[in-house]
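Q: return atomic coordinates for the entry below.
(2 chains)
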Amino acid sequence: MSNLDLLIQAPVLSLQLLIDGILVGAVFALAAYGMALVWGVMNVINIAQGEFVMLGGYVALFVVQAGYHPALGVPAAAAVMFAVGWGLYRVVIYRVVDKDLFISLLATFGLSILLQQFANQVFGADVQTVDSGLGTRFLFGGMVTVAEIKLVAFAAAFLLGGCLVAFLRRSRLGQAIRATAQNARAARILGIDTDRVYAATFALNAAICGAAGALVIMTWIVHPYLGLVYTVRSFMIVVVAGLGNLAAVIVAALGLGAAENFAGFLLGAEYQAAFVFSLLVVILVFRNRRLGRQRKYLK
Amino acid sequence: MSPLARRLAPLLAIGAVALVAPMLLPAFKTQLSFLWIMVCFALTWDIIGGQMGYNSFGNVLFLGVGMYLCAVVQRDAELGYFPGLFVGMALGAILAVAVAAVLGSGILGLRGHYFAIGTLGLGIAAGEIASGWDYIGAGSGLVTPQYPGDVDTRKMLFYYSSFALAAATFLTLRHIYGGRFGLAINAIRDDEDKAEAMGLRTTRYKTMAWCVSAVFLGVAGGIVGNMIGFIDPRDVAFAGPTFGVWMVLMAILGGRGTLWGPVVGAVVFHVTQELFWTYLLGWQRVALGLLIVVVVLFFPLGILGWLRERRPELFGHRVDEADGGARP
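A: Predicted coordinates:
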């Protein structure tokens, strides 16, 4: 715990960790909001969520390798992943929407392995990143450094989230999605093509994750085995925040980002992933215990 | 034939074939050993996944715990090879049960998909912790001690240990599924709230079922670790993407919630894997993902479940011919 002493002696380091954590948290919030959308509308928990993030990162990588500006990677990733999401819905997901939850969980788990190993075979197992060409800002007389790309990613994540919320509130399709989430049967009776709504929801989720992945590869790194940890983060955030509560999702995501950064610093970077997965187990058990006092359980 | 003999005959036949198999196919001893390990994996997963309805993605945790403890005992206790191996396996099984009992009260309170994802996190967290912990070799893994004889007797030893383990697992499960315990965990699968209301101590049964699963996986960990000879935290011990997923897939492929289903599923899966996997040139794991999706979507009942629907008379279900068309 020598790092703890370091934190106490140099409080400005905590500020650094906090800022980095909050900036990374915005990207978690995007993936988590997508998961909550699919969960709430289709009653499917998408384990392949993190793989969409990973694939979005690779799309951005190819856009940059083809010689275009990195900023173009975000819309390109969103567009490609929208198509991938739509395709996956038409081939696999539509068969599991009304089935037992375990079937959908296992089917998306299989998809997650499929996409992950596909990426490993086709793109190689190397760690990839994209240089955004932006500089670094120094605050507090050089004690705290903030890479500008992280600020840009933070702002872009909020912009994307804002667009999504506006789309769900205002557009006709957004209204149909919300109606289906409330009561799919009633929506069908009122003439909404729920199958199309589901396809759009799943594709929209993939697009959000793809955009998040493009931000991830510019800010941090992407490799084929990255997916599961993003899935687990999204799931954790949704479990803490609840379905359909956007403010809580943002707070939980930023908090998770900060907590993860502190844990990575205190325990050592090799335990950061262990921290995320252990935290998932602890949060689930803790929430369930609290509900257990009222003879309820997580549903 | 008396009913007892008829029931025991297939078991005896399989046992006899298993005992002579390594002599008949001397080149495939390692593959055959893994066949029995796979049978054990599928059976232990099915205790809670099939019979109790708690779909765990993290049973590989117990495998890794048993594997690491066995290797650490062999490394540090200085008992000589054979005592070290067997003491290590026994202690590994005990630690796995202890882990299951301690975690069980919290984790088994979760239901449905929360349990599935919670156990998924558990298995991966264990692998991540193991790969950061220097005492057990961290990311560079542990090497199990050299076997003090020639290669062939080593293979025979591990073949017969894995066969003995699979047989012990099968017979134990056959015994407990036939009794009160089997009925209790089936009741939990069908409706946990009602089972509890009927006075069943559900948490106790659930934890016991998980412990039964853990004890065999703990022993299997010791065997697998020594058979492979090198313990990597993420790829061998807590191997979620291989062993962890295979367990689930084999049980579903054979038919969840049946005694013979996991055995059939394990044999079918392992044989297909050994026959075809090498021709896929690195695309095996892609094929694995595809196989999961296909089995889950088109074949969720598994081989035995499908047979039971088609030929119920084979399973002792009487079909009334008078209203034969009414069956759903």
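
Q: now residue A:138: which helix or strand?
A: strand A:136-139 (DSSP states H and E).

Q: what's the answer for residue B:172, then?
A: Assigned by DSSP H and E, residue B:172 belongs to helix B:151-177.

Q: export only the CA atoms of whatever helix or strand comes next after that helix, formatted as PDB.
A: Counting by DSSP H and E, the next helix or strand C-terminal to helix B:151-177 is helix B:180-190. Extracted C-alpha coordinates of helix B:180-190, given in PDB (Å, rounded to 0.1, in the frame of the first residue of the first chain):
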ATOM      1  CA  ARG B 180     -34.700 -36.400  -1.500                       C
ATOM      2  CA  PHE B 181     -31.800 -34.100  -2.600                       C
ATOM      3  CA  GLY B 182     -32.600 -34.600  -6.200                       C
ATOM      4  CA  LEU B 183     -36.300 -33.800  -5.700                       C
ATOM      5  CA  ALA B 184     -35.400 -30.800  -3.600                       C
ATOM      6  CA  ILE B 185     -33.100 -29.200  -6.200                       C
ATOM      7  CA  ASN B 186     -35.700 -30.000  -9.000                       C
ATOM      8  CA  ALA B 187     -38.300 -28.300  -6.900                       C
ATOM      9  CA  ILE B 188     -36.000 -25.200  -6.700                       C
ATOM     10  CA  ARG B 189     -35.700 -25.300 -10.400                       C
ATOM     11  CA  ASP B 190     -39.400 -25.500 -11.000                       C
END
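
Q: how close does the most centrally placed residue in chain A sit to chain B?
A: The structure's chain A has its C-alpha centroid closest to residue A:31; by Cα atoms, centre = their mean the separation is 2.0 Å. The gap separating residue A:31 from chain B is 15 Å, by Cβ to the nearest Cβ, to the nearest Å. Bear in mind the C-beta positions are built from the backbone N, C-alpha and C, glycine included.

Q: ok, the residue nearest to residue B:189 when sequence neighbours are not counted - how many residues close by?
A: Nearest non-adjacent residue to residue B:189, counting by Cβ to Cβ, 6 or more residues apart in numbering or on different chains: residue B:53, 3.2 Å away. Per other Cβ atoms under 10 Å in any protein chain shown, the neighbour tally for residue B:53 reads 20.

Q: is residue B:53 in a helix, a strand, or coil?
A: What DSSP: H, G, I helix; E, B strand; the rest coil gives for residue B:53 is coil.

Q: quick one: the strands in chain B?
A: Counting by DSSP state E, chain B has strands at residues B:142-143, B:230-231.

Q: in TSV: those strands, plus distance to chain A, mean pLDDT and mean neighbour count.
A: Formatted as TSV, these follow (distance: least, Cβ to the nearest Cβ, whole Å; pLDDT from 0 to 100; neighbours: other Cβ atoms under 10 Å in any protein chain shown):
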stretch	distance to chain A	mean pLDDT	mean neighbour count
strand B:142-143	17	83	18
strand B:230-231	17	88	20
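
Q: can you list the buried residues in the helix holding residue B:172?
A: B:154-159, B:161-163, B:165-167, B:169-170, B:173, B:176-177 (16 or more other Cβ atoms under 10 Å in any protein chain shown).

Q: for stretch A:180-195, same thing?
A: So stretch A:180-195, judged by 16+ other Cβ under 10 Å, has buried residues A:180-181, A:184, A:187, A:192, A:194.

Q: likewise stretch B:186-200?
A: By 16+ other Cβ under 10 Å, the buried positions in stretch B:186-200 come out as B:186-189, B:192, B:195, B:200.

Q: where does chain A have low pLDDT?
A: Low-confidence segments of chain A, defined by pLDDT under 70: A:1-2, A:140-142.

Q: could you name the helices and strands sitting against the longest helix along it?
A: Among the elements of chain A assigned as helix by DSSP state H, the one spanning the most residues is helix A:11-42. Under the contact criterion of 3 or more Cβ pairs under 8 Å, 6 or more residues apart in numbering or on different chains; DSSP states H and E, helix A:11-42 touches helix A:2-9, helix A:49-65, strand A:144-147, helix A:148-170, helix A:172-182, helix A:194-219, helix A:227-241, helix A:246-267.

Q: nearest to chain B, of these?
A: Each of the helices and strands packed on helix A:11-42 has some distance to chain B by Cβ to the nearest Cβ; the shortest is helix A:227-241, at 5.8 Å.
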